[in-house]
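>>> turn this into a structure:
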Amino acid sequence: MRQRKLDHKRWITGCMAALILFLQTGCWSKDEIEDLSIYVGMALDLPYETVLERKMDQLGSDYRKRNHISFTLQIVDKQSEAKSGDTKDDPTSKPYLNISETGDSLFEMIREFAARLERPVIGHHLKVIVINESLSRRYSMNNLLSFMLRDNDIRLNCLVMMSSGTARKVMEAKGNAIIPSFRLNGMVDNRYRTLKIIPPVSLSKLESQMNAHASYLLQNVIAVNGEVKFSGAAVILGKTQKFIGRLTEEELLGTIWLTGEGKGGVVKSYDPKTKQVITYELKSMKSKIKSRVVNGKISFHVSIESEGRLIEEWMERNEPIDDEFIIRAENAASKEVQRLIKLGLNKIQNRYKADVVGFGTRLSIEHPKVWKQVKGNWDETFSQVPITYDVKLKISETGSKQGH
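Next comes the predicted model:
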C-alpha cells in the first residue's frame, strides 16, 4: 500500500513536470534576431526632408501629413557585419544605418519604415534619445516622448539627452569602428573622471519629473565632423516642460557642486602668491541643503564639503609642499568653487527661474505646510528666495613632494 502511494506521487510529479515544459514559452517573439532591424538610437529634429525623402515624394510616395518633426533611427546593421566579417577592414562599411523620416506622428513614421526596410524595426535595445533644443523649445517633452513612454517595445532605462546642434549629427561617427549610440551610452560612465557629466536621465526618471511638473537638466551633447562632446546642460522648465535655455560648462559645474552629485573631477585654481596653476582632484563631495522659514519668508543655506588630492602645481623651483602652501591651495580651490556656484546659481535662479537643483524638494521635506502653499508656482517663488552657501575643501593627499 505504501509503495502504491509512492508510485502515485511520482506519477503526479512527472505529469506536472511535463506540463510545465509545455508552458515554457522561451522567447516571446517568433521573429529571429537576424530577421529584425534593431534600433539603438533616436534623434528628433526640426523638420527637414533628406534628399532621399524629397526624391521619393517626387515619385509619388507622399502621404497626408504635416512636416513638424524629423525622426532618425539608428539601426545596428547586421548585414554589413555579415558581409565584411569585420567592419574595421572595410573603410566604406559602417556597423550602423541611420534612416530618417519627416512628418507629424512619431509612431506613424516608425511604421512608415516598414515600407522602406526589408526587416521590421524593433526598439527593445534602444539606448539613447537625442532631442534638438530648438525642437524642444517648440514642443513640450510630454509631446515629444509620449510615444516612447507608451510603447511596450522601448525600455524605460533608455537615456535622454539634448543637442544644441542637429540631433541627427550626434548619430554619426568618424570611421567605422563605433556605433554612436553605444558611444554616448558609454561616455556617461565617465562621471567619475569629470564633473561635466550629469547623472544619467532615463525615460523613467524623466516621466516622474514631467508628472511632478518639475524643472530639470538634460545633458547637452555637441557634434562636429563625427566627433561628439558633452558640453553643458539643457534646462527644461517645469511648468511648460519645454527647453528654456542652456548652462555653459562652468555654470553646470556650479550646479553640480550645489547638488553634491559629482562622482569625480578637478578644480583648477591659481596660487594667489605665485600666480601659478594649482589642480585639485576631488575624491568625495557632499552637499547639504537646509531650508529656513522665518515669518513666512523662505531661505536656503547650502553647506558643501569635499576631500581630495593636490594633483598638480607649477612651482618654479620645485619647492617641497608645506602646510602654508596647502592652506593657500585649499583656499584657492574653495574660492574657485564659489565662483562656479555663483555663475550657475545666477543663471538658474535669476535668468531661467528654474529650480533644477532640488531646493523645492528639501523645502517639502522640512516644511511641508509651506511647500503646499508655494508648490503651484515654485519656480517663480524660487527666483526670489535668498540662497547662501559655504565651501570647505580639504587636501588629504599631496604625493611624494610633501615637505617634512
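
>>> state the pLDDT value of Thr25.
With respect to pLDDT, Thr25 has a value of 48.

>>> please verify my assumption that Asn185 contacts Leu159.
Yes. In this structure, Asn185 is within contact of Leu159 by CB atoms under 8 Å, at 6.5 Å. Every C-beta, even on glycine, is put in place using the N, C-alpha and C of the backbone.

>>> the helices in the stretch 101-250 of the chain, which residues?
Along the stretch 101-250 of the chain, counting by DSSP state H, counting those that start in this stretch, helices occupy 106-112, 133-138, 141-150, 167-170, 180-187, 203-211, 249-259.

>>> other SSEs contacting the fourth one?
Where contact means 3 or more CB pairs under 8 Å, 6 or more residues apart in numbering; DSSP states H and E, helix 167-170 is packed against strand 37-45, strand 69-76, strand 128-132, strand 159-163, strand 216-224.

>>> redo those strands as TSV? Include distance to Tyr352 and mean pLDDT.
Listed next are those as TSV, based on distance: least, CB to CB, whole Å; pLDDT from 0 to 100:
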stretch	distance to Tyr352	mean pLDDT
strand 37-45	22	93
strand 69-76	25	94
strand 128-132	18	98
strand 159-163	14	98
strand 216-224	11	97
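
>>> hey, which of the helices of the stretch 101-250 of the chain is tucked in deepest?
Scoring the helices of the stretch 101-250 of the chain by mean neighbour count under mean count of other CB atoms under 10 Å gives helix 167-170 as the most buried, with a mean of 24.

>>> mean confidence for that one?
Here the average pLDDT along helix 167-170 is 96.

>>> do you know which of the helices of the stretch 101-250 of the chain lies nearest Gly308?
In terms of CB to CB, the element of those nearest to Gly308 is helix 249-259, at 12.8 Å.

>>> what lies in contact with that closest one?
Identification of contacts with helix 249-259 by CB atoms under 8 Å, 6 or more residues apart in numbering yields 195-196, 198, 217, 231-233, 247, 262, 265, 285, 287, 289, 302, 304, 337, 340-345, 347-348, 356-358, 389, 391.

>>> give me the buried entries from these.
Buried subset of those (neighbour count, 16 or more other CB atoms under 10 Å): 195-196, 198, 217, 231-233, 247, 262, 265, 285, 287, 289, 302, 304, 337, 340-341, 343-345, 347-348, 356-358, 389, 391.

>>> inside helices: which ones of those?
Mapping the buried ones among the contacts of helix 249-259 onto helices (DSSP state H) picks out 337, 340-341, 343-345.

>>> shared neighbours, Asn185 and Leu159?
Taking CB under 8 Å, 6+ apart as the contact rule, Asn185 and Leu159 both touch 127-128.

>>> CA atoms only: put stretch 188-207 into CSV for me.
The C-alpha trace of stretch 188-207 is given here as CSV (Å, rounded to 0.1, in the frame of the first residue of the first chain):
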residue,chain,number,x,y,z
VAL,A,188,28.0,58.6,-19.3
ASP,A,189,30.1,56.1,-17.3
ASN,A,190,33.0,58.6,-17.2
ARG,A,191,31.3,60.6,-14.4
TYR,A,192,34.0,59.5,-12.0
ARG,A,193,36.5,61.5,-14.2
THR,A,194,34.7,64.8,-14.7
LEU,A,195,32.0,67.0,-13.2
LYS,A,196,30.8,68.0,-16.6
ILE,A,197,28.7,64.8,-17.0
ILE,A,198,25.4,65.0,-15.1
PRO,A,199,23.7,61.9,-13.5
PRO,A,200,22.1,60.0,-16.4
VAL,A,201,18.4,60.8,-17.1
SER,A,202,16.4,57.8,-18.2
LEU,A,203,12.9,57.7,-19.6
SER,A,204,11.5,56.5,-16.2
LYS,A,205,13.2,59.3,-14.3
LEU,A,206,12.1,61.8,-16.9
GLU,A,207,8.5,60.6,-16.7
